[in-house]
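A.B. asks: what's the 3D shape of this:
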Amino acid sequence: MKVLYGKDAAKVINRLDAPTKRRIKVAIERLPDGDIKQIKGQDIITYRLRVGGWRVLYSFENDSTIFVEKVAPRGEAYKGV
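C.D. replies: Now for the predicted structure:
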């Protein structure tokens, strides 16, 4: 499955310390496995992946492409969504 990163998501991932960055990237590569839930009340079907205290918000562009929209700490992940 191909993974595309939004500008903001890539920026956050690049700023993280090495162990956290590795955990998040491994979790994204293993999609659709993991602690995943659909975010309700959205026009576009968006999902969240829980990686410890971090949340990865993503959607499917098509059957073979995942678009990572946002990576943020748990308390900030859902603001502005």
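A.B. asks: What ranges does this structure have for its strands?
C.D. replies: For the chain, applying DSSP state E gives strands covering 2-5, 35-39, 46-51, 54-62, 65-73.
A.B. asks: Counting by contacts, list what the shortest one packs against.
C.D. replies: What it means is strand 2-5. Using 3 or more C-beta pairs under 8 Å, 6 or more residues apart in numbering; DSSP states H and E, the elements in contact with strand 2-5 are strand 65-73. Bear in mind the C-beta positions are built from the backbone N, C-alpha and C, glycine included.
A.B. asks: Which elements pack onto the strand it packs on?
C.D. replies: Checking 3+ C-beta pairs under 8 Å, 6+ apart, strand 65-73 ends up next to strand 2-5, helix 7-15, helix 18-29, strand 54-62.
A.B. asks: follow-up on the earlier one: could I get the strands of the chain as TSV with distance to residue 11 and mean pLDDT?
C.D. replies: Output for the strands of the chain, formatted as TSV (distance: least, C-beta to C-beta, whole Å; pLDDT from 0 to 100):
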stretch	distance to residue 11	mean pLDDT
strand 2-5	9	94
strand 35-39	21	93
strand 46-51	17	95
strand 54-62	14	93
strand 65-73	9	95
